[in-house]
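*Asks:* Build the 3D model from these lines:
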Amino acid sequence: MVKKLDVIFSKFIRKRDGHCMKCGRLDGGLQCAHIAGRRSLSGRWNEKNAITLCYFCHLRWSHQNPLEFTVWLKENLPEFYEEGLRVTKTTVKNLDLEALFKYYQSKL
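*Replies:* Below is the predicted model of the structure:
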């Protein structure tokens, strides 16, 4: 169920944003980029903990320059920056993965 939820969540985020939030590209392998890492279940499927980035901006910019990414995020998308901070301090137990899947599936 985790894998299925990851796929549907990524589709939802890419549809929500529709373009790379950094460079504006409409194509180029749009990807779902998490603010706080996916290890944190409190943020893995949190809409405010993910944005759409193209392949280049995601892997070649945000992952290779995390400090620059953090500054950009804080200046350009402060609500996402704040949620990323909150997520890293939150522990979640017993998530209803089926309900989350149905929720994001209904949004597509």
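
*Asks:* Would you map the helices across the protein?
*Replies:* 2-17, 41-44, 55, 66-76, 78-88, 97-107 (DSSP state H).

*Asks:* What's the mean pLDDT across the fifth one?
*Replies:* Which is helix 78-88. For helix 78-88, the mean pLDDT works out to 91.

*Asks:* Would you mark the buried spots in that helix?
*Replies:* F80, Y81, E83, G84, R86, V87 (16 or more other Cβ atoms under 10 Å). C-beta: built from backbone N, CA, C; applies to glycine.

*Asks:* Quick one: distance of that helix to the chain centre.
*Replies:* The chain centre lies 11 Å from the centre of helix 78-88; the measure is Cα atoms, centre = their mean, to the nearest Å.

*Asks:* Out of the helices of the chain, flag the one nearest C32.
*Replies:* C32 lies closest, by Cβ to Cβ, to one member of the helices of the chain: helix 2-17, at 3.9 Å.
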